[in-house]
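Novice: Whatever this is, show me its structure:
(chains A and B)
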Amino acid sequence: MASSALAAGCRQDMHDTPRYEVFEANKNYPDGRASRNLPTGTVARGQLRDDDHFYTGKVDGFFAAEFPFALNAADMQRGQERYTAYCTPCHGQTGDGKGMVVQRGLRQAATYHQDRLRTAAPGYFYDVISNGFGAMQGYAEQIPPRDRWLIAGYVRALQLSQNATVDDVPAADRGRLDAAPAAAAMAAAEPAKKAEH
Amino acid sequence: MSQIFSKSANAWSKASIFAVLGLLATIGGAVGVLQRSDFVTSANQFKDQPVQFSHQHHVGGIGIDCRYCHTSVEVSSTAGIPPTKTCINCHSQIWSTSPYLEPVRSSFRDDKPLKWLRVHDTPDFVYFNHSIHVKKGMGCETCHGRVDKMPLMRQQNSLQMEWCLNCHRNPAQFVRPRSEVFTMGYVPAVDQRELGPQLVAEYKIQSLTNCSVCHR
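Specialist: A predicted model of the protein is given here:
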């Protein structure tokens, strides 16, 4: 008894100081949130969204046909990672629109492998990611603008992948296509490992 | 008048020295055990949340990435509790009439945040930053456990200082490749005793044990 009172008594006041932590409740505001949104009409330093192409995906009111910046290999990798985190639940790993959430009852998501989307401008994908389309909600709160462009880039890559022929693979890498998937992965990992040692 | 102490008192007095030592050791041990117990650390306890959200279903069953909801984990000190809108992304259509999810819908309708109860709460005098841990190859699982197997969220570890220091003194025992940070049930491809030091060098992980690293 005494020791439990001791152990419990040692805590508290400094554990919970009178300041507002992230997401803590604050009853001074009607909605009870301590973490406040920016007041309407204010712009934080360095956050002015003056680049229409980058922030809206549109140029002169039309969906941008170009990416606002050049994508390199690292960007594509990040695009894949972001796509996997945010898009695969509905659109699936290959972009066929048969992700797990669709299998559990969400309305069929669009497949990227249809002519309408194969010919759509990158700015269109950016716009749909930002604002949603049909049953899809916008992802502006979840994915920052640059990552949305990277995802659009990866979607392009997925579209190419489903329409690719052997001729599109560099001659040096073609041998790996015939290897079993596990063996191919091993082969890909092997040079990297050697380089480490 | 007879003697106050009988002859056997000699033996008793000697024994009592050991008895007192034994008692002190027992009390010390009990305090040591108790202050590490779930009772004190609030580990492995469930909270009555506004909606009994199941990580097992969403992470384990559907395979949703941690970052889908905890969007700020890579860039901020806090991992981020998703706004109700994130739930609505799917639940505008799935289980959209379930009475179980009415708190979620009414939260979205009325723009009133759900009042989730915090499960992992470090003391206010601890500075903790998620983003640096994620960047240095600390898996979510290392601290939070197999979230994909938790129907209700619970604190897997004590979050006590000795637990933090266990890793800060020797990060090599837990570090994993950055690509596996968000993986649940990660198993190192090679022996951790080999991989750990390699990654520590590659990611330039320091063993930070200075008080002011966490107590700023």
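Novice: so who does the spatially most central residue of chain B touch?
Specialist: For chain B, residue B:157 is the residue whose C-alpha lies nearest the centre (C-alpha atoms, centre = their mean; 4.1 Å). By C-beta atoms under 8 Å, 6 or more residues apart in numbering or on different chains, residue B:157 lies in contact with B:43, B:143, B:145, B:163. C-beta: built from backbone N, CA, C; applies to glycine.
Novice: Please name the nearest non-neighbouring residue to the last one.
Specialist: With sequence-adjacent residues excluded and distances taken as C-beta to C-beta, 6 or more residues apart in numbering or on different chains, residue B:163 is closest to residue B:157, at 5.6 Å.
Novice: And that neighbour, what's its pLDDT?
Specialist: On the pLDDT scale, residue B:157 is placed at 93.
Novice: wait, is it part of a helix?
Specialist: No. In this structure, residue B:157 is coil, not part of a helix, as judged by DSSP: H, G, I helix; E, B strand; the rest coil.
Novice: pLDDT below threshold where in the chain?
Specialist: No chain in the question, so chain A it is. Within chain A, the stretches with pLDDT under 70 are A:1-12, A:180-197.
Novice: meant chain B, my bad for not saying
Specialist: Scanning chain B for pLDDT under 70 picks out B:1.
Novice: Residue numbers of it in contact with chain A?
Specialist: B:27, B:30-31, B:34-35, B:39-40, B:62-65, B:67-68, B:71, B:77-78, B:81, B:83, B:85-86, B:88-90, B:92-94, B:111-113, B:115-116, B:118, B:123-125, B:182, B:198 (C-beta under 8 Å from any C-beta of the partner chain).
Novice: give me that answer again for 6 Å
Specialist: Counting by C-beta under 6 Å from any C-beta of the partner chain, chain B comes close to chain A at B:30-31, B:34-35, B:40, B:62-65, B:67-68, B:71, B:78, B:81, B:89-90, B:93-94, B:123-125.
Novice: what about the closest residue to residue A:78 other than its chain neighbours, how many residues close to it?
Specialist: Nearest non-adjacent residue to residue A:78, counting by C-beta to C-beta, 6+ apart: residue A:150, 5.3 Å away. Residue neighbour count, defined by other C-beta atoms under 10 Å in any protein chain shown, stands at 25 for residue A:150.
Novice: all helices of chain B, in order?
Specialist: Per DSSP state H, chain B has helices spanning B:9-35, B:38-41, B:55, B:66-69, B:84-91, B:102-110, B:130-135, B:140-144, B:161-169, B:192-202, B:211-214. These are given in chain order.
Novice: For the fourth one, buried residues please.
Specialist: Looking back up the chat, that one is helix B:66-69. Neighbour counts over helix B:66-69 (16 or more other C-beta atoms under 10 Å in any protein chain shown) mark B:66-69 as buried.
Novice: ditto for the last one
Specialist: If you call a residue buried by 16+ other C-beta under 10 Å, then helix B:211-214 has these buried ones: residue B:214.
Novice: Check which helices and strands it is in contact with.
Specialist: Contact analysis of helix B:211-214 by 3 or more C-beta pairs under 6 Å, 6 or more residues apart in numbering or on different chains; DSSP states H and E lists no helix or strand as a packing neighbour.
Novice: go on, the fifth one?
Specialist: For helix B:84-91, the contact count by 3+ C-beta pairs under 6 Å, 6+ apart identifies helix B:102-110 as packing neighbours.
Novice: coming back round to it: just list the residues touching the residue nearest to residue A:78, thanks.
Specialist: The contact partners of residue A:150, by C-beta atoms under 6 Å, 6 or more residues apart in numbering or on different chains, come to A:75, A:78-79, A:82.
Novice: Name the residues of the helix or strand harbouring it that come out as buried.
Specialist: Assigned by DSSP states H and E, residue A:150 belongs to helix A:145-161. By neighbour count on 16+ other C-beta under 10 Å, the buried set for helix A:145-161 is A:145, A:147-156, A:158-159.
Novice: Output that helix in CSV with nothing but the alpha carbons.
Specialist: Provided in CSV are the C-alpha atoms of helix A:145-161 (Å, rounded to 0.1, in the frame of the first residue of the first chain):
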residue,chain,number,x,y,z
PRO,A,145,1.8,19.6,-53.2
ARG,A,146,5.3,18.3,-54.3
ASP,A,147,4.4,14.7,-53.3
ARG,A,148,1.2,15.0,-55.3
TRP,A,149,3.3,15.8,-58.4
LEU,A,150,5.6,12.8,-57.6
ILE,A,151,2.5,10.6,-57.4
ALA,A,152,1.3,11.9,-60.7
GLY,A,153,4.7,11.0,-62.1
TYR,A,154,4.5,7.5,-60.7
VAL,A,155,1.0,7.0,-62.1
ARG,A,156,2.5,7.9,-65.5
ALA,A,157,5.1,5.2,-64.9
LEU,A,158,2.4,2.7,-64.0
GLN,A,159,0.5,3.5,-67.2
LEU,A,160,3.7,2.9,-69.2
SER,A,161,4.4,-0.3,-67.3
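Novice: and it, how far from the chain's centre?
Specialist: Here helix A:145-161 is found 10 Å from its chain centre; the criterion is C-alpha atoms, centre = their mean, to the nearest Å.
Novice: Name the next helix or strand downstream of that helix, please.
Specialist: Per DSSP H and E, helix A:145-161 leads on to helix A:174-178 as the next helix or strand towards the C-terminus.
Novice: so what does that next one touch, helix or strand wise?
Specialist: Packed against helix A:174-178, as judged by 3+ C-beta pairs under 6 Å, 6+ apart, are no other helices or strands.
Novice: again, only this time at 10 Å
Specialist: If you count contacts as 3 or more C-beta pairs under 10 Å, 6 or more residues apart in numbering or on different chains; DSSP states H and E, helix A:174-178 packs onto helix A:181-196.
Novice: Stretch B:138-147 spans what distance, first to last residue?
Specialist: Distance across stretch B:138-147, first residue to last, is 15 Å (C-alpha to C-alpha, to the nearest Å).
Novice: centre of the chain versus that stretch, how much separation?
Specialist: Relative to its chain's centre, stretch B:138-147 lies at 8 Å (C-alpha atoms, centre = their mean).
Novice: Of all the residues in it, which ones are buried?
Specialist: B:138-145, B:147.
Novice: And the strands in chain A?
Specialist: For chain A, strands defined by DSSP state E occupy the ranges A:58-59, A:62-63.
Novice: just those strands: most buried one?
Specialist: For the strands of chain A, ranked by mean neighbour count under the definition mean count of other C-beta atoms under 10 Å in any protein chain shown, the leader is strand A:58-59 at a mean of 16.
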